[in-house]
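Asks: A structural model of the following input is requested.
(2 chains)
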Amino acid sequence: MSKRKKRQKIKIIIATIFALIVVVVGALANFIAPHDPNATNAMLMRKAPSAEYLFGTDNMGRCVLSRVLDGARITLASTFLLVAISFLVGIIIGMLCGYYGGIVDTILMRIADLMLAFPQMVVAIAVAGILGGGIFGAMIALGITMWTGFARLARSHTLSIKNEPYITAAKLNGKNGMQIIFGHIFPNIVENVLVNALTQIGTTMIGLAGLSFLGLGVTAPQAEWGSMISEGRAYLQLAPWVVIFPAIAIIITIIIFNYLGDVVMEYRRMD
Amino acid sequence: MNVKKQILKKIIELIILLVVLSFLTFMLMYLAPGDPVEKKLSAQGTAISQEVLEAERERLGLNRPVLVRYAEWFAGVLHGDFGVSMTDEMPVGPRLAAGLSNTMVLALSSLIVALIVSIPLGILSAVKQNSILDHIVKLLSFIGNALPNFLISVLMMYLFCIVFRVFPVVANNSFNGLFLPAISLAIPMAGRFTRQIRAEIISQLDSDYVTGLRTRGVKEKDVLLRNVFHNASPHIFTIIALQIGTLMGGSVIIENIFRWPGIGRLVMEAINGRDYTTISGFVLIMGTIYVVINFLSDLLQQSMDPRSIS
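Replies: So this is what the prediction gives:
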């Protein structure tokens, strides 16, 4: 292995460690949080950061640190769930289309083309708006267009390997289509599509936070970074910490996942 | 196949795509949960009987078959009539048009700002690969790409409107009002453009024709401006066209933050009022612009690079 590749590997390990830290913090949010993220206190409105409230309190006297942590839980869970579902739907449709071809392939790929013909965020805003808010509405709104990218990628990889000798051998062994797709094609293409999924995490987070910021994501009082920033900007002058801490959280998280995606992509390009 | 036939075929495909787009948009409005008639009539807080609801639906023509309603709506759209608002029964076409022109001003200015920043930076960092400048540009564009634009605008608002007090908080239709929203949209876009332009120029610099030009002693400046940039420019158009969708979504958020009177603010008001006519008009207009721009960028790519015509 070349020196450059070794260095790249170290970068990947470091980025993965940071990403894992973020995920663990999000998963354990309820245990780490010093206060109840939704507990209001009229005596503690807009208090500056202190030893008791490290990130200060918001307009309703809620602990900003606890809300940032709870927001991490929601943001990470919804992002991963959305990417995972889109990934699964996309890869299965892509493999079926690529392997069987024919009329089903034509129809499904036409639908995918149509979805790509709409600007993603415009569709997401309209659909989330019509579904009337809620985190699941926001996820559906972004998911409608998201699976298509994975489907096209999985399809093109399937097409490129479906005439390989080992696939033919499996066919001659009497395996049926499903066995070949899930036993032979899936393990060979999953890595490529997974890397693509990894690069989608940052964009998905931005999309979900944007919808929440518009009031089309989580419903109050649930904490989410986008909605916290949206609420806090009304009294930005009086209590900037209410906006600044969720802002830092969102920037750091997106940078970590984007960086991880970038270094993995670069590592694979070095082969 | 000759070029004219190819283009004609593409135009027919485009028209079919636009019709399907309009149908899907209509279905979005049709399948939407919640009853706008009920919402409208119960706005005063009084209970309404089933008969009144039914009569109002009949009056608005909501009880007719879907396809009839779609055909009627589509025929209207072709004449610029997008139907009447479900909240106040005013025609939404003129409102959408007014909003769209404001949004265009915002989108074009941010696009220009982003290009002015990213084209020179992208080229410079590609030419001076792995220099300090390149690393700085890479870092900045990486961070720019990771910033959601609502965050940039809230932070800029804090900085310029509250700390320095140089700009008005609410955007009016003046240059001052345009500055912050345009910059908020431009920053993440400039980050993405710079990265992609850098990658494009690097891939051009690595190709054989550049080595050939250099060995023949062509000046580096001429190689860069006459050949490399010329060959990269259709790809740069594609890069821009691909960002239009993100720009449209971002513009909805930014317009609502700065109260810019664009189509994005209109649609958020419509969403809050369950005014499906306006929402579908918005989706149709944005979708059409997006599809047409991508079509033009395809065409441009082909006319500037005849090799891509199969």
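Asks: can you give the domain ranges for chain B?
Replies: Residue ranges for the domains of chain B, per automatic domain parsing: B:3-92, B:101-308.
Asks: so which of the ones you listed is the most packed in?
Replies: Counting by mean count of other Cβ atoms under 10 Å in any protein chain shown, domain B:101-308 has the highest mean neighbour count of these, with a mean of 19. Backbone N, C-alpha and C define where each C-beta goes, glycine included.
Asks: the residue in the stretch 101-250 of chain A that chain B sits nearest to: neighbour count?
Replies: Closest residue of the stretch 101-250 of chain A to chain B, Cβ to the nearest Cβ: residue A:121 (2.1 Å). For residue A:121, the neighbour count with other Cβ atoms under 10 Å in any protein chain shown is 25.
Asks: who's in contact with residue B:137?
Replies: B:121-122, B:124-125, B:194, B:198 (Cβ atoms under 8 Å, 6 or more residues apart in numbering or on different chains).
Asks: can you put the domains of chain B in a markdown table and add mean pLDDT?
Replies: Compiled in a markdown table, those are given as follows (pLDDT from 0 to 100):
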| stretch | mean pLDDT |
| --- | --- |
| domain B:3-92 | 79 |
| domain B:101-308 | 85 |
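Asks: out of the ones you listed, which comes closest to residue A:239?
Replies: When those are compared by Cβ to Cβ, domain B:101-308 sits nearest residue A:239, at 11.3 Å.
Asks: residue A:249 versus the closest residue to residue A:27 other than its chain neighbours, what's the distance?
Replies: Closest residue to residue A:27 apart from its sequence neighbours, by Cβ to Cβ, 6 or more residues apart in numbering or on different chains: residue A:73 at 7.0 Å. According to Cβ to Cβ, to the nearest Å, residue A:73 stands 12 Å off from residue A:249.
Asks: equivalent analysis for residue B:145, please.
Replies: 18 Å.
Asks: the residue nearest the centre of chain B: what's it in contact with?
Replies: Centroid-nearest residue in chain B: residue B:248, 2.9 Å away (criterion: Cα atoms, centre = their mean). Applying Cβ under 8 Å, 6+ apart, one finds that residue B:248 lies in contact with A:119, A:121-122, B:107, B:286, B:289-290.
Asks: the helix or strand hosting residue A:203: which residues count as buried?
Replies: Assigned by DSSP states H and E, residue A:203 belongs to helix A:186-213. For helix A:186-213, a neighbour-count test (16 or more other Cβ atoms under 10 Å in any protein chain shown) marks A:186, A:189-190, A:193, A:196-198, A:200-213 as buried.
Asks: same check, this time on stretch A:121-134
Replies: A:121-131, A:133.
Asks: contact partners of it?
Replies: Contact partners of stretch A:121-134, identified using Cβ under 8 Å, 6+ apart, comprise A:137-138, A:140-142, A:144-145, A:207, A:210-211, A:214-219, B:28-29, B:32-34, B:245-246, B:248-250, B:252, B:267-268, B:270-271, B:276, B:279-280, B:282-283, B:286-287, B:290.
Asks: roughly how far apart are residue B:63 and chain A?
Replies: Distance, residue B:63 to chain A, by Cβ to the nearest Cβ, to the nearest Å: 21 Å.
Asks: name the element the nearest residue to that residue once chain neighbours are set aside belongs to?
Replies: Leaving out its chain neighbours, the residue that sits closest to residue B:63 by Cβ to Cβ, 6+ apart is residue B:57, at 5.4 Å. Element membership for residue B:57 (DSSP H and E) is helix B:50-60.
Asks: which parts of the stretch 1-150 of chain A sit against chain B?
Replies: Contacts of the stretch 1-150 of chain A with chain B, taken as Cβ under 8 Å from any Cβ of the partner chain, map to A:114, A:117-127, A:129-132.
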